[in-house]
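Chemist: Curious how this folds, go ahead:
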Amino acid sequence: MVVSLGMQRSHCNKDMGNTQVQLYVIPSFFLVVLILGLPLNLLSLWVFFHRLRRWTRSTVFLFNQTLADTSWLLALPYLIYYHLDQLYWKLGLPVCAVVRMFYHNYFYLSIFFVTCISVDRYVAIVHPLRSLVLLGRRQTYLLCLAIWVGTLVLSIPVASMTLIQTCPGSNRTVCSLYILLSKTGESLPYSLFCSIIGFLLPLLSICYCGLRSVRELRHRSRRPDPHNKRRRVRRVLSAALVLFALFYLPYHLSRNAAIVMRRVYPDKPASWRHADLAFALEMCFCSLITCVNPLFSCFIGGQFWKEFHGTFAVMFSLCQARGWLQ
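Modeler: Take a look at the predicted model:
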């Protein structure tokens, strides 16, 4: 596909500040994440299917989050190979568009399922009787399906903005990232829209649900708490806010900053370098979330933690007995 020189230079310029990050740091990070994250998430799926007999609403949401993590990790080798191959894309535009779209789609799947867990805790505490009607088993499954479909629809514009670019003076082809395109007429409004719908509103929902839940439990502070509801609510709220603060907030800030710099300085690629470098590093750091999410499941799910820990201990002992860890 032939594109303008203005759009090409954002990907083909060898003097870009993040070239070394693109060629070496990103694939190294992705490879480590794949090696660590895939076994953790596959083990989590095994625990969900074979060890958990009683599934609550939160269990269903955690399972879907793990399924999203695993799917993203299975698509990660395409990006690892691309970066290790000096940014030569050889798989054509359709695969390029699907990989870019799925990368974008994954973050919002994760955000929405974390939000669902927080809202579920809120409804169970503040509106316990209504929760049985609002979020029954069938409604929970339909909600998860709606999240998968909704995030997919939200990410469709990524495919339309994805291009295969041929660099001037060489046969190198680049699978473009819409965030790094010079023309921001489509990318900036779309990125801001996703940031509001897919990040800001879920964050406000989590804060509201957490504060209302804590206030409600504080009113019951003199009553016995045999099921440790107060502690569980604090766990969910703290874990969700940590995920947003460490991963989702920096990701959206760096993504929008990279696009805004192109909008403000359209003819000065040198002005984009620091924002591009920050976004490239954030891509590396955000990939760690697929390794953190299984720990998130253990942290907020007491029964899941017991089964996960027990299964891991058995597998570790088995590996030792067979001499694989010697």
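Chemist: how many other residues sit next to Gly37?
Modeler: 24 (other C-beta atoms under 10 Å). For every residue, glycine as well, the C-beta is placed using N, CA and C.
Chemist: and it, what does it touch?
Modeler: Neighbouring residues of Gly37 by C-beta atoms under 8 Å, 6 or more residues apart in numbering: 69, 73, 290-291.
Chemist: Where strands are concerned, which of these count?
Modeler: Under the assignment DSSP state E, these contribute nothing to strands.
Chemist: if I look at the residue nearest in space to the middle of the chain, how far off is Leu163?
Modeler: Against the mean C-alpha coordinate of the chain, by C-alpha atoms, centre = their mean, the closest residue is Phe107 at 2.9 Å. Between Phe107 and Leu163 the computed distance is 21 Å (C-beta to C-beta, to the nearest Å).
Chemist: what's the closest non-adjacent residue to Leu79?
Modeler: Once flanking residues are discounted, Leu79 sits nearest to Phe30: 6.0 Å by C-beta to C-beta, 6 or more residues apart in numbering.
Chemist: Could you list the low-pLDDT ranges of this structure?
Modeler: Counting by pLDDT under 70, the chain shows low-confidence ranges at 1-18, 129-134, 169-171, 220-233, 298-326.
Chemist: just how off-centre is the longest helix anywhere in it within its chain?
Modeler: Taking DSSP state H as the criterion, the chain has its longest helix at helix 92-126. Remark: helix 92-126 is offset 7 Å from the chain centroid, using C-alpha atoms, centre = their mean, to the nearest Å.
Chemist: Could I get the buried residue list for it?
Modeler: 96-125 (16 or more other C-beta atoms under 10 Å).
Chemist: can you check stretch 47-58 too?
Modeler: So stretch 47-58, judged by 16+ other C-beta under 10 Å, has buried residues 47-48, 52, 57-58.
Chemist: Can you lay out the residues you listed as CSV showing secondary structure?
Modeler: Output for those, formatted as CSV (DSSP: H, G, I helix; E, B strand; the rest coil):
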residue, secondary structure
Val47, helix
Phe48, helix
Leu52, coil
Arg57, helix
Ser58, helix
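Chemist: Same list (those residues) but as CSV, adding distance to Phe193.
Modeler: What follows is the buried residues of stretch 47-58, written out as CSV (distance: C-beta to C-beta, whole Å):
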residue, distance to Phe193
Val47, 37
Phe48, 33
Leu52, 37
Arg57, 29
Ser58, 29
